[in-house]
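Student: What follows is a predicted protein model with its sequence.
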Amino acid sequence: MSLTVYGADWCADCIRTKRQLDELGVDYEYLDVAADATLAETAREISGRTNIPVVVYPDGSHQVEPSNADVAGKLAELGIGGVAVTRTPGTPLDVSAADLVSEADAQVEAIGVDEARALLDDPGWLFVDLRDPRELARLGTIPGAHRAPRGMLEFWVDPQSPYHRPVLDDGRRLLLYCGSGWRSALAAATLQRMGRDDVAHLRGGFTAWQEAGHPVEAYEGRAAQA
């Protein structure tokens, strides 16, 4: 099984795609559209565009200006280049989500809710709520906690990131929490890997905090946090 690449030597994306295919040992035919106007027209007819490269696969499908990930995914789907998909959908993963949480828990400091309650008014600590807005609106939050979306946390704590939030890097220790302590364990391990040695997470999360009868405040209507 081989594939066809329509490209040009001046095209950086074409060079990148060719290099990827070469490194994977994939057999392909390279057609230089800059050297033959007929080939350029053929590529345009296939893709409906003038962009290159145009990669045509043995199953008749094609990609225009594909990323390396796009090409790798298609090759895997077709079983070309030694990147065939062998996993059956629905079968257990080599490393489960529970495994990741367990590994993270072994690496980071976990603080129980009663100990955390004593830290609530400690000026040396900042509670950081990682939960999504629906959880916050439905259940409330720990008083004084700073809201930091889980998907943005790494960017907010990094001084070199354009999204850096100084409030998360002002000398206070961070106590991360989520709903049950899973997301916060993973987040704390990631920040620790980034170099933050002043991070811990709340064991049992907001659920354990609430069940212990510790203070909760409504989140709805709170001012946006800087």
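Tutor: Here it is on my side, so go on. Numbers count the residues shown, from 1 in each chain.
Student: When you work out contacts or count neighbours from here on, use the C-alpha atoms and nothing else.
Tutor: Noted.
Student: Relative to the whole chain's centre, how far out is the helix or strand bottoming out on mean pLDDT in the chain?
Tutor: Using mean pLDDT, DSSP states H and E, the weakest-scoring helix or strand in the chain turns out to be helix 68-78, at a mean of 89. In terms of C-alpha atoms, centre = their mean, to the nearest Å, the centre of helix 68-78 is found 20 Å from the chain centre.
Student: How about residues contacting the helix or strand following it?
Tutor: Heading C-terminal from helix 68-78, the first helix or strand you meet, by DSSP states H and E, is helix 97-107. Where contact means C-alpha atoms under 8 Å, 6 or more residues apart in numbering, the residues beyond helix 97-107 that reach it are Trp182, Arg183, Ala185, Leu186, Ala188, Ala189.
Student: State the mean pLDDT of the helix or strand following helix 97-107.
Tutor: Using DSSP H and E, the helix or strand that follows helix 97-107 in sequence is strand 109-111. Mean pLDDT, computed over strand 109-111, is 97.
Student: Show me the contact partners of the following helix or strand past strand 109-111.
Tutor: As assigned by DSSP H and E, the chain's next helix or strand after strand 109-111 is helix 113-119. Counting by C-alpha under 8 Å, 6+ apart, the neighbours of helix 113-119 from elsewhere in the structure are Trp125, Leu202, Arg203, Gly204, Ala208, Trp209, Ala212, His214.
Student: Among these, name the ones in helices.
Tutor: Among those, the ones falling in helices (DSSP state H) are Ala208, Trp209.
Student: ok, of the contacts of helix 113-119, which one's closest to Gly60?
Tutor: Within the contacts of helix 113-119, the smallest distance to Gly60 is 52.0 Å, found for Gly204 (C-alpha to C-alpha).
Student: ok, now which ones touch that closest one?
Tutor: In this structure, Gly204 makes contact with Gly112, Val113, Gly179, Ser180, Gly181, judged by C-alpha under 8 Å, 6+ apart.
Student: May I see the contacts of helix 97-107 arranged in CSV, with pLDDT, neighbour count and distance to Ser102 as well?
Tutor: Below are the contacts of helix 97-107 laid out as CSV (pLDDT from 0 to 100; neighbours: other C-alpha atoms under 10 Å; distance: C-alpha to C-alpha, whole Å):
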residue, pLDDT, neighbour count, distance to Ser102
Trp182, 97, 22, 9
Arg183, 97, 20, 11
Ala185, 97, 29, 8
Leu186, 97, 21, 9
Ala188, 97, 30, 12
Ala189, 97, 26, 11
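Student: which one of those residues sits closest to Arg172?
Tutor: The shortest separation between Arg172 and any of these is 14.7 Å, and it belongs to Ala188 (by C-alpha to C-alpha).
Student: Report whether the expected contact of the closest one with Ala110 is present.
Tutor: No - with contact defined as C-alpha atoms under 8 Å, Ala188 does not reach Ala110; the gap is 9.4 Å.
Student: Surely Val108 is in contact with Leu186?
Tutor: No - here Val108 does not reach Leu186: they are 9.1 Å apart, not a contact under C-alpha under 8 Å.
Student: can you confirm Pro66 is in a helix?
Tutor: No - the assignment for Pro66, made by DSSP: H, G, I helix; E, B strand; the rest coil, is coil rather than a helix.
Student: mind listing what it touches?
Tutor: Under the criterion of C-alpha under 8 Å, 6+ apart, the neighbours of Pro66 are Thr17, Pro53, Val55.
Student: and these, which of them are in helices?
Tutor: In this view, these that belong to helices under DSSP H are Thr17.
Student: In the contacts of Pro66, which residue is surrounded by the most others?
Tutor: For the contacts of Pro66, the largest neighbour count, defined by other C-alpha atoms under 10 Å, is 29 neighbours, found at Pro53.
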